[in-house]
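A.B. asks: attaching a predicted model along with its sequence, questions to come.
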Amino acid sequence: MNADLIAYIKDFINSNLEGDIEQLVDFDLKKLAKDDVYGCPDRKFDADDCNLMRAIYCLVFGEIWPNLTIDNSGEGKMRGDTMNSSGTFFSYPWDDKFTPKWNPPSELSEKIRSFQSSFHTIGNMTVLPDKRIGEWSINKHRGCHDEWHDYEDRFLTALYKVMMQMPNADEDLQELVELNKEDFLPFYGEDGWKRFIDGNFLEYYVDGDYVPVIASKGYTWWRGGYVNKERFFKEANRYIDRSTEIIKNRGERIVEKLKVHLYGADDLDVSKLRSMIGRCEWTFAKTMPWCPHEYIVRGKCPLTEEEFLYFIDMQRRFGVKEHWGKYYNPYIYVDNYKYWTMGAPVEDTIVMNRAKVKQ
């Protein structure tokens, strides 16, 4: 099945992106609205649930969601969702109610126009279980809740309380998660929640302890009562700037992971890496007990110079970029470990690190 998905996405890249996968980061998925192959040929178009995104979800997030397959994608199954909404704050471009109500400055209007394109790119797309109570889904509850209004930080705060089984959890969300328990079961508790955040590339919305942080003010375009416009526009600018930054960075990470699936098979020799890894004695980093990991040193381990350089090359070419504190480095996963270097030039890189991946 993955071979079919790989061929499908490669065909899209070749026919729509001039063969350049990097262009996928900024590709406006709304362009697929009338596309019979990559759009939604037999259903209402929705960028986060188009055929192309279903295929991407399966390759990129299939490891974290065990039941995520093409056959199990769509309404009532596993469904795509847009994380950072444009409609909540700015209404929709085809029915602009924001401008006549708020009369924003021209600079903000231009930002909004740009955002209404970038929010339909892959970095803003996620996937959630979609079994429903009547017509009510997690996706719909996320968008219609009178405190969340489709804001990702607010939704994750509510979901965190459910997954940590807190007494003040939203009861309706609790009920929906329980209905989708088969999919959510691996994500209960602290370790499960960390898996959920890391696996779905959502670290932007949590602190160092993986507790969600609410940064948004929850504003809506239909907001009534007294509103200080200067404060309102300041939040609009902050929301667009931060969301755009997240979308871009997350999109790049999705593309990096796609590269491994699409192009890694021909060049990445996992058996060779396994052999090299098995020959080494890995030293525990005693000076960093808060961050358990091991390492080998170039020239002091059994690997030849050529082999160590090969290891670095594979790690940097096929690794998936992840955040750790202020660092953003590629990690290559082999069996139950992930391997990384700290990003110095190859000629100056002398340490290869590894850490056990929590199951």
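C.D. replies: Received the coordinates, thanks.
A.B. asks: for the stretch 101-250 of the chain, what spans make up the strands?
C.D. replies: 125-129 (DSSP state E, counting those that start in this stretch).
A.B. asks: helices of that one, residue ranges please.
C.D. replies: 106-118, 138-144, 152-163, 171-179, 181-184, 189-199, 229-267 (DSSP state H, counting those that start in this stretch).
A.B. asks: so which of those helices gets nearest residue 40?
C.D. replies: Of all those, it is helix 138-144 that lies closest to residue 40, at 15.5 Å by C-beta to C-beta. Just so you know, the C-beta spots here come from the backbone N, C-alpha and C atoms, and that holds for glycine as well.
A.B. asks: just the buried positions in the closest one, please.
C.D. replies: 138-139, 141-143 (16 or more other C-beta atoms under 10 Å).
A.B. asks: returning to what we had before: so which of the helices of the stretch 101-250 of the chain is the most surrounded?
C.D. replies: Scoring those by mean neighbour count under mean count of other C-beta atoms under 10 Å gives helix 152-163 as the most buried, with a mean of 21.
A.B. asks: could you check the angle helix 189-199 makes with it?
C.D. replies: On the basis of axes from the mean of the first three to the mean of the last three C-alpha atoms, to 10 degrees, helix 152-163 is oriented at 150 degrees to helix 189-199.
A.B. asks: what is the mean pLDDT for helix 152-163?
C.D. replies: For helix 152-163, mean pLDDT is 98.
A.B. asks: give me the domain ranges for the chain.
C.D. replies: Following automatic domain parsing, one gets these domains for the chain: 2-261, 268-356.
A.B. asks: which of the ones you listed comes out lowest on mean pLDDT?
C.D. replies: domain 268-356 (a mean of 89).
A.B. asks: follow-up on the earlier one: as JSON lines, the helices of the stretch 101-250 of the chain with distance to residue 305 would be great.
C.D. replies: Putting those into JSON lines (distance: least, C-beta to C-beta, whole Å) gives the following:
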{"stretch": "helix 106-118", "distance to residue 305": "44"}
{"stretch": "helix 138-144", "distance to residue 305": "52"}
{"stretch": "helix 152-163", "distance to residue 305": "46"}
{"stretch": "helix 171-179", "distance to residue 305": "52"}
{"stretch": "helix 181-184", "distance to residue 305": "47"}
{"stretch": "helix 189-199", "distance to residue 305": "34"}
{"stretch": "helix 229-267", "distance to residue 305": "20"}
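A.B. asks: still on that earlier bit, out of the domains of the chain, deepest packed?
C.D. replies: domain 2-261 (a mean of 17).
A.B. asks: how far out from the middle of the chain is that one?
C.D. replies: Between the centre of domain 2-261 and the centre of its host chain there is 9 Å, according to C-alpha atoms, centre = their mean, to the nearest Å.
A.B. asks: nearest residue to residue 244 other than its sequence neighbours?
C.D. replies: residue 118 (5.7 Å; C-beta to C-beta, 6 or more residues apart in numbering).
A.B. asks: residues contacting the one you found?
C.D. replies: By C-beta atoms under 8 Å, 6 or more residues apart in numbering, the contact set of residue 118 is 26, 28, 124, 244, 247-248.
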